[in-house]
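# Coordinates for the following, if possible.
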Amino acid sequence: MTVPANSATAATPATDAIAGQLAALRSEIARHDHAYYVLDQPRIPDAEYDRLFRELQALEAAHPEHITPDSPTRRVGGQPLPQFEPVRHVVPMLSIRTETDTEASGARSFDARLRKELGLAESDPAIEYVAELKFDGLAINLRYEQGVLVQAATRGDGSTGEDVTQNIRTIRGIPLRLQGNAPALLEVRGEVYMSRPDFERYNNRQRALGRVTLVNPRNGAAGSVRQLDPKIAAQRPLSFFVYGLGQTAGWPLPATHAAVLDALADFGLPVCGHRVVTHGAEGLLNFHEHIRALRNSLPFDIDGVVYKVNSLALQQQLGFITREPRWAVAHKYPAEEALTTVEAIDIQVGRTGALTPVARLQPVFVGGVTVTNATLHNEDEIRRKDVRVGDTVIVRRAGDVIPEIVASLPERRPLLTPEFIMPTHCPVCGSAIEKPADEAVARCSGGLYCPAQRKRALLHFASRLALDIEGLGDKLVEQLVDQNLVRTPADIYRLTSAQLAGLERMAEKSAGNLLAAIAQSRQTTLARFVYALGIRNVGETTAKALARYFGTFEALLAADEETLFKVPDVGPIVAASLVHFFSEPHNLEVIAQLQAAGVHWSQEPAAAQVESAIAGKTFVLTGTLPNMTREQARALIEAHGGKVSGSISRKTDFLVAGDEAGSKLDKAQALGVAVLDESQLMELLQS
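Residues are numbered from 1 along each chain as shown. Presented below is the predicted three-dimensional model:
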């Protein structure tokens, strides 16, 4: 008689009965979770819910072979994570254009713009919209496969977010398994938030225990989702509203956005009830005013409303501009304001020498945070608002994020208060201040001679999106520049253990870790290197466009303005900045020194080149690679046309595994996915 390999768990009447009992308990608890957390209509007392939950826990403990990933007991949080894994969004999580106009023109201008783009005459019917709330939380993408939640990721930069699945699983309002006939693949986008009552209850409990409280609901939600320890996230009272779709498969899309939201609600996902289907600008304005009246009575924070074209066909016709959909706009409410006093006006010197006046304020609580500083932008802005030291000013959190001085109150000004005068020389290095006639910004002419510019340039060079030198932060850069150990980015690669160990808070181990990070940064990408140089007007997106177009640094270096104009995202101002930067001998000398110090990158596939053999292939990265970070490996793979995913599936082509590769390696081997080490990856890319 042959014994089946899985005889320990082979189906018997007894095991079938246990599995059925477990499934019934899970289903009942899921129904009560949905009623309590989504519908706000509890059906049983808490004591009865607790009894069901304990019964499920006991039964699973006795029969662990029957535990499933979608069990309610899996919400309590797993082991702490060393870091969040990157997740590539197949459908980018785009931002929405914001109308900060608080008057009727915000809705009317949006409606008029769409009617014009659609070629509608005045006699044509009004456009049908869906109007929703703009939640003040953290945007999240949930991925369900065969109805089961398999991954949750933050927005990140829109293209790549962070895997926060363990923390999201602790939110009871998010179903671990969808109701009804779920699609094969369904990604939904929504907002994690903390309600005001939950926020107050949590803080009251923390105070009673003598622990740290949360500053405001938004920070509480964002910080909870990004906790490395899921058990801490599980203690935070978080909620979720879904408002849109990501990638889908095996699901015929409804014709309208409103029907999509209704379908998502039928799947058991929480959809906010404050939404309407309306027509034309007047319908949008009515919703805007209606929600404005309700805003303070809502149990959660919002900072505006969102208007979306209802027809999915019209959405597709309107398309996108840059990274924003043409068919949607956020119409924000006035930000909260408060009065305070200007105690001083300081001048900050930026990486490009730009001088920015900053008002130092008597601390004031505005919109959930204590504000002590507010930017005054430039000299023209100070003159326009007539802000002086000692003034009483109105402070607003512009966009509910950036503190801004709205106006000063001259009637409260102390007698004989002088106007603020911008310095004629740099307050840091004493170099002359220059202000071109066609610019509002004054700049220090000292360049890298100026310690402030040098510090900012070094911090930019070492930043995460540039050379990503972990450990090279503000305090350390301050010391390196002040002690004249580093004058240019190339000097970073000449630092020794002895030099570092002599700095404040830099013991031998810290120095060794930093030197290892510096050595690791030598292997980078062309896009990162170009961005790290800090060329004026060249941001991360432009640097990527340049790398993709030219393929090699030599080709970029040789390009004139006419050639640069052919690059997407490059206009006259950017082209002039590039030509000017690469014409300066001292910049070329620093670049040569960096290359001599071993900073290098793989050749990018230029726009004219044929796609490589890995184009369209899907990779997953795990473990610690010996000579590059996972972010650097991702960039190399993407530069050659490959895709990088955060999770293993049958669709994965390659797993790139470093030291301490964990469960992903086991799963890849079980699925028959090809496993590469770093050297094999490089061979594949070069082939």
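# Can you list the residue ranges for helices in the stretch 501-650 of the chain?
For the stretch 501-650 of the chain, the helices identified by DSSP state H, counting those that start in this stretch occupy 508-521, 526-532, 540-550, 553-558, 561-564, 572-583, 585-596, 630-639, in order along the chain.
# Name the surrounding residues that touch the helix of greatest length in the chain.
When secondary structure is assigned using DSSP state H, the longest helix within the chain turns out to be helix 13-33. Helix 13-33 is touched from outside by 9, 42-44, 49, 52-53, 55-56, 59-60, 63, 66, 68, 70-72, 172-173, 175-177, 268, with contacts defined as C-beta atoms under 8 Å, 6 or more residues apart in numbering. Backbone N, C-alpha and C define where each C-beta goes, glycine included.
# Contact partners for K566?
Contact analysis of K566 by C-beta under 8 Å, 6+ apart lists Y549.
# State the phi and psi torsions of it.
Its backbone dihedrals place K566 at phi -80, psi -10, with angles given as degrees, to the nearest 10.
# now do Y129
Dihedral pair for Y129: phi -120, psi 160, per degrees, to the nearest 10.
# is it true that it touches T278?
Yes - when contacts are counted by C-beta atoms under 8 Å, Y129 is listed as touching T278 (5.6 Å).
# rewinding a little: for the longest helix of the chain, list every residue counted as buried.
Applying a neighbour-count criterion of 16 or more other C-beta atoms under 10 Å, one finds I18, L22, L25, R26, I29, A30, H32, D33 buried in helix 13-33.
# Next: stretch 232-249.
By 16+ other C-beta under 10 Å, the buried positions in stretch 232-249 come out as 233-246, 248.
# picking that back up, between Y129 and T278, which is the more surrounded one?
Residue environment comparison for Y129 versus T278 gives the larger neighbour count to Y129, 29 against 20, counting by other C-beta atoms under 10 Å.
# which residues touch that one?
So, once contact is read as C-beta under 8 Å, 6+ apart, Y129 ends up touching V277, T278, H279, G280, G283, L284, Y307, K308, V309, N310.
# CA-only coordinates of the longest helix of the chain in CSV, if you can.
The C-alpha atoms that make up helix 13-33 are tabulated as CSV, following Å, rounded to 0.1, in the frame of the first residue of the first chain:
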residue,chain,number,x,y,z
PRO,A,13,-14.8,13.1,7.8
ALA,A,14,-13.2,14.5,11.0
THR,A,15,-10.9,17.0,9.2
ASP,A,16,-13.7,18.0,6.9
ALA,A,17,-15.8,18.8,9.9
ILE,A,18,-13.0,20.9,11.6
ALA,A,19,-12.4,22.8,8.3
GLY,A,20,-16.1,23.5,8.0
GLN,A,21,-16.3,24.7,11.6
LEU,A,22,-13.3,27.0,11.1
ALA,A,23,-14.7,28.4,7.8
ALA,A,24,-18.1,29.1,9.4
LEU,A,25,-16.5,30.9,12.4
ARG,A,26,-14.2,33.0,10.1
SER,A,27,-17.2,33.9,7.9
GLU,A,28,-19.3,34.9,10.9
ILE,A,29,-16.5,37.0,12.4
ALA,A,30,-15.9,38.7,9.0
ARG,A,31,-19.6,39.6,8.7
HIS,A,32,-19.5,41.1,12.2
ASP,A,33,-16.3,43.0,11.4
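# Of the helices of the stretch 501-650 of the chain, flag the one that's most buried.
helix 526-532 (a mean of 24; mean count of other C-beta atoms under 10 Å).
# Report the distance from that one to the chain centre.
Centroid separation between helix 526-532 and its chain, computed with C-alpha atoms, centre = their mean, to the nearest Å, is 20 Å.
# Do I have it right that Q57 meets P72?
No - the pair Q57 / P72 is not scored as a contact, 9.4 Å apart, by C-beta under 8 Å.
# More neighbours: the two, which one.
In terms of neighbours (other C-beta under 10 Å), P72 is the more surrounded of Q57 and P72; the figures are 21 against 15.
# any idea how far Q179 is from that one?
Taking C-beta to C-beta, to the nearest Å as the measure, P72 and Q179 are separated by 14 Å.
# Could you name every residue contacting both of Y129 and T278?
Residues touching both Y129 and T278 by C-beta under 8 Å, 6+ apart: L284.
# quick revisit: specify which member of the buried residues of stretch 232-249 is nearest to G147.
T248 (12.8 Å; C-beta to C-beta).
# measure that closest one to D659 for me?
If you go by C-beta to C-beta, the gap between T248 and D659 works out to 37 Å.
# sorry, back to before: kindly present the helices of the stretch 501-650 of the chain as CSV, with separate columns for mean pLDDT.
As requested, those are exported to CSV (pLDDT from 0 to 100):
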stretch, mean pLDDT
helix 508-521, 92
helix 526-532, 93
helix 540-550, 85
helix 553-558, 90
helix 561-564, 90
helix 572-583, 89
helix 585-596, 90
helix 630-639, 75
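# Quick one: closest of those to L185.
Closest of the helices of the stretch 501-650 of the chain to L185 is helix 630-639, at 22.3 Å (criterion: C-beta to C-beta).
# who does the closest one touch, helix- and strand-wise?
For helix 630-639, the contact count by 3 or more C-beta pairs under 8 Å, 6 or more residues apart in numbering; DSSP states H and E identifies strand 86-88, helix 526-532, strand 618-622, strand 643-645, helix 678-686 as packing neighbours.
# Repeat the analysis, applying 7 Å as the threshold.
Judged by 3 or more C-beta pairs under 7 Å, 6 or more residues apart in numbering; DSSP states H and E, the packing partners of helix 630-639 are strand 618-622, strand 643-645.
# Among the contacts of Y129, which pair sits farthest apart?
Using C-beta to C-beta, the two most remote members of the contacts of Y129 are G280 and K308, lying 14.1 Å apart.
# And those two? Which one has more around it.
Just comparing G280 and K308: by other C-beta under 10 Å the higher neighbour count belongs to K308, 21 against 16.
# ok, now which ones touch the nearest residue to the more buried one once chain neighbours are set aside?
Spatial nearest neighbour of K308, chain neighbours left out: A328 (4.5 Å); criterion: C-beta to C-beta, 6 or more residues apart in numbering. Remark: with contacts taken as C-beta atoms under 7 Å, 6 or more residues apart in numbering, A328 is in contact with I96, V306, Y307, K308.
# measure A328 to N310 for me?
Here the criterion is C-beta to C-beta. By it, A328 lies 11 Å from N310.
# With R205 instead?
Between R205 and N310 the distance, using C-beta to C-beta, works out to 43 Å.
# ditto for R292
Between R292 and N310 the distance is 22 Å, computed by C-beta to C-beta.
# Among the two, which residue is more densely surrounded?
N310 (21 against 14).
# Tell me who's in contact with that one.
N310 sits next to E128, Y129, V130, T256, H257, A258, V277 when contact means C-beta under 7 Å, 6+ apart.
# In strands only, show me those residues.
When DSSP state E defines the strands, the subset of the contacts of N310 inside them is E128, Y129, V130, V277.
# Are any of those residues buried, and if so which?
So, of those, E128, Y129, V130 end up buried under the neighbour-count rule (16+ other C-beta under 10 Å).
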